[in-house]
Structures are given as C-alpha cells and as structure tokens.
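In: next one to model:
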Amino acid sequence: MGMLDMAAKAKQASIKLAAADAEHKNSALKKIGELLDKRREAVKAANLKDLERSEKENIAPPLLKRLKFYDEKIDDAIDGIYSLMKLPDPVGRTLLATELDSGLELYRVSCPIGVIGVIFESRPDALVQISALCLKSGNSVLLKGGSEARETNRILAEIIAEATAEAGMPSGWIQLLETRADVNEMLKMDQYIDLIIPRGSNEFVRYIMDNSRIPVLGHADGICHCYVHEDADPDMALRVVTDSKTQYVAVCNAVETLLVHRRIAPRFLPALKEEFDRRGVTMLGCPAARSIIPIEAASEEDWKTEYLDYKLSVKVVDDIYEAIDHINTFGSGHTDAIITESGENAALFMDLVDSGNVFWNCSTRFSDGFRYGFGAEVGISTSKVHARGPVGLEGLVIYKYKLLGKGHIVADYASRARSFTHRKLDREFPL
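Out: Got it, this is the predicted structure:
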C-alpha cells in the first residue's frame with residue numbers, strides 16, 4: 001500500500017474511531033495486552049534479530065539497551081496498557097458551558113485530533129505506548145520507528161492491528177511506515193494528517209517543521225540540568241544528581257549538565273567525582289570545576305550537547321541567576337531541577353527557568369508521562385502551543401465548540417431585539 005493510500009485510510013478510520021465509546025476502546029486495549037502476552041515469544045525472536053544485526057553494525061551500548069524488548073520489557077508494556085484502561089476517557093469531556101441567551105447554549109467539548117504521524121527512536125516499547133495512547137484518545141496513527149527495530153516494530157504493529165480488528169476497531173487506524181521516503185511523503189499530506197510528533201534532535205525536529213505544512217509538536221533534545229544551590233543538603237544532592245544521570249543514561253530526561261554554586265562546589269564535587277568514577281561516568285568541566293577535581297575541559301559545545309551516555313558536563317556558577325541564565329541559554333526547554341533547602345529559591349528557579357518541566361529536590365528522571373499518571377506518553381513537547389511537557393492522553397485531544405439553539409438568529413442581536421446573557425452553566429453537554 002502506498003503512502004497516499006495509507007494516509008487516506010487512516011483519515012477514514014479516524015472519523016469512525018472518534019465515535020468509539022470508552023468501553024469499546026478499553027475492550028480493544030485489553031485485546032492488545034492479551035495478544036501481546038500470547039505472542040511474546042514471536043516478539044522476542046524478532047527483537048533478537050534486531051539486536052544481533054545492530055550489534056554487528058556497532059550500535060552504541062546505550063542504544064542497544066533501548067532496543068531490547070522482551071521478557072520484563074513486554075511485561076511492562078502490558079502493564080502500561082492495563083493502566084491506561086483505568087484512566088478516564090479524554091474524549092467528550094465538557095470543558096466550558098455558557099448560556100449566550102435563553103435557549104442558546106455554547107459548549108466546548110474535547111475531541112480527538114484525527115490522524116497523528118509519530119516519528120520515534122529505536123524503542124519498540126514506544127510503539128506500543130504511542131499506539132495505545134492514540135487508540136484511547138480516538139486518533140488514527142502513522143508510525144515510523146528507527147530502522148534498528150524494524151523486525152520488532154513489524155510484529156508489534158501486526159499484533160496491535162489484529163487485536164483491535166477483533167475488537168471491532170476500524171481497519172487502517174494504525175499504519176507502520178518503514179522508510180525515509182515514506183516520511184518525506186507523509187510530510188506532504190496535510191489533507192489527511194492533522195499533527196506530526198517527531199522525537200529526536202533539534203536539527204531533526206527543525207527539518208520536519210521546515211518541510212511540512214502540517215502542525216508539528218516538537219520533541220527535541222533533552223539537554224537537562226541539575227543546579228545544586230549553596231544551601232543544598234550534600235547527601236540529597238548526591239542522590240538526586242546520581243539518579244538523574246545514571247539511572248538510565250540513554251533517555252531524554254537524563255541530566256547532561258550539572259551546575260554547582262561556587263560555595264558548595266569544593267565540598268560537593270569531590271564526593272560526586274568519587275561516586276561517578278565508581279559508576280563509570282566521565283566528567284567534563286569549566287576551569288573552576290577543574291581547579292577542584294581532576295577532569296577534562298568542557299567546551300561551549302558541551303553545554304549544548306545531549307550525550308545519552310555516561311558523560312556529564314559541569315559548571316561552577318556564582319549564584320542562582322547565573323544558573324538560570326545558563327539553562328535558558330543552552331537548555332532545550334525539557335527538564336531542569338534545583339536542589340536547595342530554600343522554598344524561596346526553588347520558587348524563583350521554577351518561575352524563571354523556561355522549560356516544560358521544572359523540579360525541586362528530585363530527579364529529572366521523573367519527567368515522564370507514565371510517572372505523571374498520564375498513561376505513558378507519545379513524547380515530551382518543548383513547544384508552547386497545544387501541549388507542553390509529557391504528552392499523554394490530554395495532549396492528544398483538542399476540542400470543538402458546540403452551539404445549541406432554538407431558532408436563534410444573529411439579526412435579532414444586531415437590531416437589539418435580544419441581548420446576550422453570557423451566563424456560566426454548571427452542566428455537561430447534553431447530547
């Protein structure tokens with residue numbers, strides 16, 4: 001099937017899917033979980049082929065870790081699907097109700113976006129999460145995963161399509177793209193596709209934006225920061241920074257740059273260096289940091305690099321304002337954390353740092369749709385339109401205005417025969 005036919009079929013399916021009720025969608029999700037469990041050995045076999053091929057192609061170890069999808073990874077995916085079933089249906093919620101005049105009532109009601117194209121990295125679990133979220137929110141989805149995961153992606157897409165067809169979902173609501181040519185074709189199909197979500201580097205997201213008229217929800221680099229203020233509890237700071245960097249390095253919410261106040265740096269950095277040496281983390285630093293601990297020099301390029309590896313750049317700053325300025329200059333607007341005992345400083349940091357996620361005394365690794373209770377995520381948006389931060393169910397619906405009248409016409413208001421009341425109503429959309 002060509003890209004044009006795939007997109008047209010997805011659009012047709014999205015119209016029917018928008019009318020599916022919560023029970024129907026949850027039934028389809030349950031069947032996905034059941035069939036994924038039933039065919040886990042076939043999924044594992046496909047995944048092992050991808051892993052073996054990628055190892056021969058010398059794919060970096062952190063990326064191989066993301067590519068793995070069997071045993072407990074399948075269990076996690078199934079658990080995520082069942083957790084998603086428990087969440088309220090995001091479609092059909094009344095967001096606003098206003099009486100414009102007697103018998104003339106305006107409602108703002110949530111509805112699916114339509115057809116969403118998602119381009120994501122070599123993480124097969126992302127395919128399951130994205131598909132499940134789109135189904136629950138009533139959207140068709142066109143998926144393009146990394147080529148390293150092609151065998152795994154194929155069988156997962158087959159399982160999801162088969163399971164949802166058994167549940168009565170419209171054919172074509174999920175489509176798998178496999179080539180760059182498919183992506184380039186997809187970018188031209190604004191008559192069928194309503195939103196594109198690219199997950200990748202800033203350069204990649206910019207390429208998508210520059211080559212399509214379709215709205216783009218950008219998920220760019222995760223250049224995340226931890227700032228350790230002078231009054232921070234050193235033990236807490238060590239735990240938070242270590243978790244932020246090392247709990248899982250090959251993800252967009254892992255910290256890449258550490259900022260340390262100059263008054264706590266002589267005490268904190270040696271302890272961190274000892275811990276990171278033990279964990280195999282390479283540290284690069286500014287001159288002030290290098291005068292305290294023996295590490296390599298960091299260049300300006302390091303401040304704007306997403307390592308996705310056991311590597312961390314370190315800068316010593318004079319005050320909280322210098323830390324904030326550094327983050328707003330070099331960060332990607334993803335996730336940034338402050339470790340401090342002062343609520344006043346935490347509030348200042350969280351108000352002035354221009355990022356989708358700002359944390360106080362906790363790991364940047366909490367920046368995640370599943371951990372937020374959103375039912376996983378299709379990505380983390382660093383843009384400021386429609387959705388920001390982890391994009392879960394709420395970010396995959398939009399709304400429409402529904403106006404109910406009884407023969408009302410505008411001419412009556414132009415002639416002042418009638419006047420607007422604009423009275424807020426405390427009721428759900430009645431139809």
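
In: which helix or strand contains Arg416?
Out: Assigned by DSSP states H and E, Arg416 belongs to neither a helix nor a strand.

In: an error on my part: the question was meant for Lys16.
Out: Assessed by DSSP H and E, Lys16 sits inside helix 3-17.

In: just list what that helix packs against, helices and strands only.
Out: strand 115-119, strand 140-144, strand 174-177, helix 180-186 (3 or more Cβ pairs under 8 Å, 6 or more residues apart in numbering; DSSP states H and E). To be clear about C-beta, it is placed using only N, CA and C from the backbone, and glycine gets the same treatment.

In: give the contact list for the residue positioned nearest the centre of the chain.
Out: Central residue of the chain (Cα atoms, centre = their mean): Gly379, 1.7 Å from the mean position. With contact set as Cβ atoms under 8 Å, 6 or more residues apart in numbering, Gly379 has these partners: Val118, Phe120, Ile197, Arg199, Leu217, His219, Pro390, Val391.

In: including mean neighbour count and distance to Met236, could the helices and strands packed on helix 3-17 go into JSON lines?
Out: Output for the helices and strands packed on helix 3-17, formatted as JSON lines (neighbours: other Cβ atoms under 10 Å; distance: least, Cβ to Cβ, whole Å):
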{"stretch": "strand 115-119", "mean neighbour count": "27", "distance to Met236": "37"}
{"stretch": "strand 140-144", "mean neighbour count": "26", "distance to Met236": "40"}
{"stretch": "strand 174-177", "mean neighbour count": "22", "distance to Met236": "44"}
{"stretch": "helix 180-186", "mean neighbour count": "16", "distance to Met236": "44"}
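
In: any idea which of those gets closest to Ala232?
Out: Closest of those to Ala232 is strand 115-119, at 38.3 Å (criterion: Cβ to Cβ).

In: can you list the strands that the closest one pairs with?
Out: Counting by DSSP bridges, the strands paired with strand 115-119 are strand 140-144 (parallel), strand 195-198 (parallel).

In: how is the chain divided into domains?
Out: Here the domain parsing of the chain from automatic domain parsing is 3-199+392-397, 224-366.

In: can you give me the end-to-end span of the longest one?
Out: The first and final residues of domain 3-199+392-397 sit 24 Å from each other (Cα to Cα, to the nearest Å).

In: same question for it, mean pLDDT?
Out: For domain 3-199+392-397, mean pLDDT is 94.

In: all helices of the stretch 51-200 of the chain, in order?
Out: Using DSSP state H, counting those that start in this stretch, the helices of the stretch 51-200 of the chain run over 61-67, 72-85, 124-136, 150-166, 180-186.

In: now, of these, which is deepest in the fold?
Out: helix 124-136 (a mean of 26; mean count of other Cβ atoms under 10 Å).

In: helices or strands next to that helix in the packing?
Out: Against helix 124-136 (3+ Cβ pairs under 8 Å, 6+ apart) you get helix 22-38, helix 72-85, strand 115-119, strand 140-144, helix 150-166, strand 174-177.

In: re the thing from before, starting at the chain centroid, how far to the helix holding Lys16?
Out: From the chain centre to the centre of helix 3-17 is a distance of 24 Å (Cα atoms, centre = their mean, to the nearest Å).

In: got the contact list for that helix?
Out: 1, 112, 114-115, 135, 138-142, 169-173, 175, 177, 182, 185-186, 189, 192-193.

In: ok so, going back, in JSON lines, list the domains of the chain along with distance to Arg418.
Out: JSON lines is the format used below for those (distance: least, Cβ to Cβ, whole Å):
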{"stretch": "domain 3-199+392-397", "distance to Arg418": "6"}
{"stretch": "domain 224-366", "distance to Arg418": "45"}
